[in-house]
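Visitor: mind folding the following:
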Amino acid sequence: MSHKSLIKVGVSFAAFAGFALFSNQTKASMYPSSSQPSSDMVDLSSYQGNLTASDYQNLASNGVKAVTIKATEGTGYTNPYLAQQVKYAQQAGLSINFYHFVHFTSQSTAIAEAQNFINAVQQVTTSKNVVMVADFESSELGSLSKSTNNANLAAFDQTLNSAGYSKTDLYTMSSWLGVKIDTNAQNKGWIANWPYSPTGNKYPNANAWQWASDYRFPGSSVDLDVSKLTNDYYLGSVGDSSNSSNDTSNNTDSGSGNDGTAVIVPGPSEPTNQYSASRSQSVKLIWRTSMKSHAFYTTKGARYSKHLGTRYDYNKNLPNVTWYTDAHEKLYKKNTGKYAIYYHVRSNDNAHGGWIWRGYLTSGVNPNQK
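Guide: All right, here's what the predicted structure looks like:
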């Protein structure tokens, strides 16, 4: 939603996960394993707008049954690739569902956002047998009480129901569940929780569990948010595409981002929803967790920081270093409304270390390492 947008698939993350909300630059990926949960569903936003029809066929060939596509955000944004993504998913025989990235803080804005969601979905399919998901992860929602959020979500869902969409659901991170928002009989939940080594079924009473934001399917060159379905709620709809005029645009998906500004935080620790006080006004730490050691070197213009706050100059000062990862975290940037993944890295000689935006990293040992 890895947006986590997600993303926020929130991944994610945006998440907590945001929905497929990160730049698809070269980075550590999670590859299939027999011990992992099933990869029944992926979520997509404009950041996956470059996927081709054959990519969707590849998803289906690898066991994916459904996609949930970002349609809208707030009251004014529509995914410019929505029609194209629906078309390709339909051609691949995948069940199609939609999500809306929520910003509403009142019942009136919830109704307005729901109408934006409805309008966009009606442009790409006549089917009402789709799941309409509220992607509930934006930081302003965290400042509201659970009762207020529940009431606002109820107004959002009622607007969808009145338009003929009876299947709704709630996507949120596990740390907010029961604290900032509740599931209910209508919204059993699509819960984001990304363990280091995912196995089994973490949320058997929910509709779905998003268990990774960096899953790499065989035959694919991009990482995707992936979820296990616990029932058939998200299955059964292959919508009739009714409008393909919105296939492309210069709009950007504001639910996620690839801002490369380094943010200095304390060293890695157990996953947490807390963040250092010095940064809490501008950045929220969504999660932090350990990861396996992977080798990277930095691209031109990379920025990285020591724990104590001394920023190294740009990559020109450390052109021959191989960096090794030991942790990663997802940050929500309050000033931009975007998400970013940072890796904690140490140099090959252990002389340097800090956090770096993963988009600056190229996989492999530095060919110039001395």
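Visitor: could you report the pLDDT at A295?
Guide: The confidence metric pLDDT takes the value 84 at A295.
Visitor: surely it is in contact with T362?
Guide: No - the pair A295 / T362 is not scored as a contact, 9.9 Å apart, by C-beta atoms under 8 Å. Where C-beta positions appear, they are placed from N, C-alpha and C, glycine not excepted.
Visitor: break this protein down into its structural domains.
Guide: The record assigns the chain these domain ranges, following automatic domain parsing: 41-229, 277-363.
Visitor: residue contacts, the nearest residue to Y88 once chain neighbours are set aside?
Guide: Setting aside the residues directly before and after it, Y88 is nearest to Y56 in space (C-beta to C-beta, 6 or more residues apart in numbering), at 4.3 Å. By C-beta atoms under 8 Å, 6 or more residues apart in numbering, the residues touching Y56 are V67, Y88, A89, Q91, A92, L94.
Visitor: give me the element Y56 is part of.
Guide: Under the criterion of DSSP states H and E, Y56 resides in helix 53-61.
Visitor: same question, F156
Guide: Following DSSP H and E, one finds F156 within helix 146-162.
Visitor: on that earlier part again, what residues of the helix holding Y56 count as buried?
Guide: Using 16 or more other C-beta atoms under 10 Å as the burial criterion, the residues of helix 53-61 that qualify are D55, Y56, Q57, N58, L59.
Visitor: and the strands in the stretch 101-250 of the chain?
Guide: With DSSP state E, counting those that start in this stretch as the criterion, the stretch 101-250 of the chain has strands at 132-135, 168-173, 190-192, 208-215, 224-229.
Visitor: can you list the ones you listed in JSON lines and add mean neighbour count, mean pLDDT and distance to S147?
Guide: Output for these, formatted as JSON lines (neighbours: other C-beta atoms under 10 Å; pLDDT from 0 to 100; distance: least, C-beta to C-beta, whole Å):
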{"stretch": "strand 132-135", "mean neighbour count": "30", "mean pLDDT": "98", "distance to S147": "16"}
{"stretch": "strand 168-173", "mean neighbour count": "28", "mean pLDDT": "97", "distance to S147": "15"}
{"stretch": "strand 190-192", "mean neighbour count": "34", "mean pLDDT": "95", "distance to S147": "21"}
{"stretch": "strand 208-215", "mean neighbour count": "28", "mean pLDDT": "89", "distance to S147": "25"}
{"stretch": "strand 224-229", "mean neighbour count": "28", "mean pLDDT": "93", "distance to S147": "28"}
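Visitor: in this structure, where is pLDDT below threshold?
Guide: Residue ranges of the chain with pLDDT under 70: 1-30, 32, 238-282, 286-292, 299-317, 332-334, 337-339, 370.
Visitor: ok, which stretches of the protein are helices?
Guide: Listed in chain order, the helices of the chain (DSSP state H) span 53-61, 82-91, 107-124, 146-162.
Visitor: so which of the ones you listed is nearest T168?
Guide: Proximity of the helices of the chain to T168 was assessed by C-beta to C-beta; the nearest stretch is helix 146-162, lying at 4.7 Å.
Visitor: returning to that earlier point: mean neighbour count, the domains of the chain: which tops it?
Guide: Neighbour counts (mean count of other C-beta atoms under 10 Å) averaged over each of the domains of the chain peak at domain 41-229, with a mean of 21.
Visitor: end-to-end on that one?
Guide: 7 Å (C-alpha to C-alpha, to the nearest Å).
Visitor: one step back: helices and strands around the helix holding F156, which ones?
Guide: helix 107-124, strand 132-135, strand 168-173 (3 or more C-beta pairs under 8 Å, 6 or more residues apart in numbering; DSSP states H and E).
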